[in-house]
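Visitor: have a look at this prediction, sequence included:
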Amino acid sequence: MSNKPVNVSEACTGCSVCVTACPFGAITITNNKAEINDACRVCGACEPICPVKAITLKKSDTPQNFADWRGVLVYAEQHDGKVHPVAYELLGKGKELATTLEEPIYAVVIGSGLTKAAEELIKRGANKVLVYDHTVLATYRDDPYSQILTEATRELKPSIFLIGATSIGRTLGPRVAAKLRTGLTADCTGLDIDQETRLLLQTRPAYGGNIMATIYTQNSRPQMATVRYKVMTEAQPDPSRNGEIVNKPVDPARIQDRVKVLAFEAAKEQVNIVDADIVVSGGKGLGEPKGFELVKQLADALGGAVGASRPTVDEGWIGYRHQVGLSGRTVRPKLYLACGISGSVQHQAGMKTSDVIIAINKDKEAPICRISTLAAVGDLYEVVPRLITRIKEQKTRG
Amino acid sequence: MSIGLNIVICIKQVPETTEVEFDMETGRLKREGVAAVINPFDEFAIETGLRLKEKHGGKVKVISMGPPMAEQALRDAIAMGCNEGILVSDRVFGGADTWATSLTLAKSIQLTGPHDIIICGLKTTDGDTGQTGPEMAEHLGEPCISYVSQILDVKDGKVTLKRNLDDGVETLEAPLPLIITVSKDVGQPRLATLRGRLAAKKATITLITNKEMGMNPKELGLDGSYTRVTKIFTPEPHAGGEIIEGTADQLADVIYRKLQEAKVV
Ligand SMILES: Cc1cc2nc3c(=O)[nH]c(=O)nc-3n(C[C@H](O)[C@H](O)[C@H](O)COP(=O)(O)OP(=O)(O)OC[C@H]3O[C@@H](n4cnc5c(N)ncnc54)[C@H](O)[C@@H]3O)c2cc1C
Ligand SMILES: Nc1ncnc2c1ncn2[C@@H]1O[C@H](COP(=O)(O)O)[C@@H](O)[C@H]1O
């Protein structure tokens, strides 16, 4: 077995698919066989693309010295040039980790029309931003985005790499982690540095939120995690901050792109419980689907969004986009008002970081009452209408 | 396409209950008295596979990596209508994280013959990562589409389908072979039929161990995993405040004052 990090076996037919796939121009065909030259950066782009599986990357079995992997990298998801706020949360947490380690913090942004986005990432604390800006990257696709992100990571060699656990992040993350041959901790809600080992301690809920597990990645780099949205605190912009913006060339011919996006239909319901400052939620205690009309009235009176517990969604009382909790969305509003919700651990997983929690529940033993800033023990059908009246009275008066 | 599709479905056996308990000293799950079932999300994967077969013809294989008792999950899947069960089981596979699991599953699937589509559940209720499918795609060098809500058509070696993203629904076209993970929107899983149960009883489950795979044990199970669990604990309860009782009017008053304090009214 060869000692080279990338090995080409006898199975190679010299078809040259890998030659075009290689981002570094490191492969040539000599005597009908692929040859890897010194330009190789072991990015792994050639391995999966080989139709006869003749190319393999060597995986070292002895713990490596990771001294050259330094810094924290944040993937900045964006839509139409606008950075997803989870990226600012990652910069906030990432900066903390980078400061503890005394290492730099980087961001990578991929898409089209990214000048503003890149500047914003610097203002929010990134020391350096790699920008992959090209019209072919305008819509998200797993293949090109994971390939580029893998190349960017190989170039920056960060010790820690954070991705937002959005629907895109959760499918992009594992693709990149597998290409990089490293571990990936899903959906983290806590990140810390172990003082002694300098390893990243990644904490996440498992088993339906009944337990928390702390996980680390010892024998590979980067230490990768997807991080739950609305859990970390956003880095605030500072216009005086400076940093390096590096515009990277994008060559569409080298990008693998197997899946075509034929259409996109934006969600019809304009519910955005995640970004709302006030969320009023209903649970099984509403007793019937119509109960959500009352919840909606209260939410409207407060200028908030309507949330829901899982069983109400499962029974079709309200759409999935309203679901708060472990298998729904995490919310972090200024006010979370729970009507007829018992407050299971799974539900709490999605709302307990709210600033103020108010519960209306018949049962004072319900778990929600223990975690609420204020728990009102009573029938929601009696309390909520009165509360709506109070709010409306005040509005007409003031 | 007269020969139909080679469909592979990945299923995992998980503890049934929502109230799992942990032995805090050993960090192990207390399994006594807890029934093991097919991961609920994987039943939607099975349903997707069976519907594909009904429409386009072909064969549905289910594969599960796990301890010998996972054989029951495979038989349950056959009772729902799957054709074949494959159990991937070996001591050296134990303790695998998503990297090692997806690698082991990918190699086993390759061993069992060609496939057109591999279907995974959205995530498991125990590990809860949803990473196994996309990572397997990398091991196999095939494209992957997550959160599929509907398969529209399979034609000329291509699939068109819809998938859910945070802000809407995407329609995509992908070449076969392909890996997908499916959401609950694909349709309610069917129940086992009597005929299915009989078939399940008689079915021979193919066993794959590392003898068949011939991998370096260092790449498998706990040794082959990049992530390690160091600590397990119960979530911290959120600090509570006051619990008030009274008439509906009084309660509405107190809540209203709290809203003023919080500056939301
Ligand atoms: C893997 C997994 C993931 C999950 N993910 C989620 C998730 O993301 N989100 C989620 O919410 N759940 C989730 N669950 C489900 C969760 O365990 C609970 O089943 C669920 O949250 C309970 O919903 P509930 O509070 O609406 O209903 P219940 O538990 O039935 O509570 C209803 C409450 O209403 C009160 N009540 C009844 N009538 C009235 C009235 N007239 N006035 C005032 N109060 C009244 C009752 O006292 C009771 O406390 C998950 C479970 C699992 C296993
Ligand atoms: N041990 C396993 N055997 C077979 N399939 C699995 C296994 N683990 C995970 N999967 C598949 O991968 C999906 C995601 O699992 P997870 O990444 O654990 O959330 C599941 O819904 C299954 O389809």
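Guide: Ah, there it is. Numbers count the residues shown, from 1 in each chain, chains lettered A, B, ... in the order given. Ligands and ions are numbered 1, 2, ... in the order given.
Visitor: what's the residue of the stretch 151-265 of chain B found nearest chain A in contact with, if anything?
Guide: Ranked by Cβ to the nearest Cβ, the top residue of the stretch 151-265 of chain B for proximity to chain A is B:Tyr226, at 3.0 Å. In this view, the C-beta of every residue, glycine as well, is placed from N, C-alpha and C. Taking Cβ atoms under 8 Å, 6 or more residues apart in numbering or on different chains, we find B:Tyr226 in contact with A:181-183, A:217-220, B:97, B:99.
Visitor: centroid residue for chain A?
Guide: In chain A, the C-alpha nearest the mean C-alpha coordinate belongs to A:Gly164, at 1.5 Å (Cα atoms, centre = their mean).
Visitor: how many other residues sit next to A:Pro249?
Guide: For A:Pro249, the neighbour count with other Cβ atoms under 10 Å in any protein chain shown is 9.
Visitor: phi and psi next, for it.
Guide: Dihedral angles phi and psi of A:Pro249 (degrees, to the nearest 10) take the values phi -70, psi 140.
Visitor: report pLDDT for it.
Guide: Each residue has a pLDDT score; the one for A:Pro249 is 96.
Visitor: how much space is there between it and ligand 1?
Guide: 43 Å (Cβ to the nearest ligand atom, to the nearest Å).
Visitor: what about that residue, distance to A:Leu180?
Guide: 21 Å (Cβ to Cβ, to the nearest Å).
Visitor: give me the number of residues near the spatially closest residue to A:Lys116 that is not a sequence neighbour?
Guide: Excluding its sequence neighbours, the residue lying closest to A:Lys116 (Cβ to Cβ, 6 or more residues apart in numbering or on different chains) is A:Gly81, at 6.3 Å. Burial of A:Gly81 is recorded as 16 neighbouring residues (other Cβ under 10 Å).
Visitor: buried residues of the helix or strand containing A:Gly92, list them for me.
Guide: Under the criterion of DSSP states H and E, A:Gly92 resides in helix A:85-101. Going by neighbour count (16 or more other Cβ atoms under 10 Å in any protein chain shown), the buried part of helix A:85-101 is A:86-98, A:101.
Visitor: now do the SS call for residue 7.
Guide: Picked chain A for this. strand (DSSP: H, G, I helix; E, B strand; the rest coil).
Visitor: that's the wrong chain, I wanted chain B
Guide: B:Ile7 is classified as strand under three-state DSSP.
Visitor: state the distance from whichever residue of the stretch 1-150 of chain A sits closest to ligand 2 to B:Asp185.
Guide: In the stretch 1-150 of chain A, the residue that lies nearest ligand 2 is A:Asp142 (16.0 Å; Cβ to the nearest ligand atom). Computed as Cβ to Cβ, the A:Asp142 to B:Asp185 distance reads 20 Å.
Visitor: tell me which of those two has more neighbours.
Guide: A:Asp142 (25 against 15).
Visitor: go ahead and confirm that one touches B:Cys144.
Guide: Yes - under the criterion of Cβ atoms under 8 Å, A:Asp142 makes contact with B:Cys144 at 6.3 Å.
Visitor: one step back: which of the contacts of B:Tyr226 are close to ligand 2?
Guide: Among the contacts of B:Tyr226, no residue is within reach of ligand 2 (Cβ under 6 Å from any ligand atom).
Visitor: any of the residues you listed buried? List them.
Guide: Buried among the contacts of B:Tyr226 by 16+ other Cβ under 10 Å: A:181-183, A:217, A:219-220, B:97, B:99.
Visitor: redo the residues you listed as TSV? Include secondary structure and pLDDT.
Guide: Converted to TSV, these look like this (DSSP: H, G, I helix; E, B strand; the rest coil; pLDDT from 0 to 100):
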residue	secondary structure	pLDDT
A:Arg181	coil	96
A:Thr182	coil	97
A:Gly183	coil	97
A:Thr217	strand	94
A:Asn219	coil	89
A:Ser220	coil	94
B:Asp97	coil	93
B:Trp99	helix	96
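Visitor: one step back: run through who's touching the helix holding A:Gly92.
Guide: Applying Cβ under 8 Å, 6+ apart, the contact partners of helix A:85-101 are A:70-78, A:104-105, A:107, A:121, A:124-126, A:159-160, A:162-166, A:169, A:191-193, A:198, A:200, A:227, A:229-235, A:275.
Visitor: on that earlier part again, which one of the buried residues of helix A:85-101 is nearest B:Met69?
Guide: A:Val86 (39.4 Å; Cβ to Cβ).
Visitor: quick one on the thing from earlier: which of the contacts of B:Tyr226 sits closest to ligand 1?
Guide: Nearest member of these to ligand 1, counting by Cβ to the nearest ligand atom, is B:Asp97, at 19.5 Å.
Visitor: correct me, but the closest one touches A:Gly183?
Guide: Yes - using Cβ under 8 Å, B:Asp97 is in contact with A:Gly183, at 6.4 Å.
Visitor: excluding its backbone neighbours, what's nearest B:Thr98?
Guide: B:Gln131 (4.1 Å).
Visitor: ok, back up a step: average pLDDT across the helix holding A:Gly92?
Guide: 97.
Visitor: how far does that helix sit from its chain's centre?
Guide: 13 Å (Cα atoms, centre = their mean, to the nearest Å).
Visitor: that one: what's the following helix or strand?
Guide: strand A:105-111.
Visitor: for that next one, packing partners?
Guide: Contact partners of strand A:105-111 among helices and strands, from 3 or more Cβ pairs under 8 Å, 6 or more residues apart in numbering or on different chains; DSSP states H and E: strand A:72-75, strand A:78-79, helix A:85-101, helix A:115-123, strand A:128-133, helix A:142-156.
Visitor: the first one and chain B, any residue contact?
Guide: Think strand A:72-75. No - for strand A:72-75, no contact with chain B is found by Cβ under 8 Å from any Cβ of the partner chain; the gap never falls below 15.0 Å.
Visitor: list the residues that contact the residue in the stretch 51-200 of chain B positioned nearest to ligand 2.
Guide: The minimum distance from the stretch 51-200 of chain B to ligand 2, using Cβ to the nearest ligand atom, falls at B:Gly121 (2.6 Å). B:Gly121 is in contact with B:10-12, B:39-45, B:181-182, counting by Cβ under 8 Å, 6+ apart.
Visitor: any regions of the stretch 1-150 of chain B where pLDDT drops low?
Guide: B:1-2, B:17-33 (pLDDT under 70).
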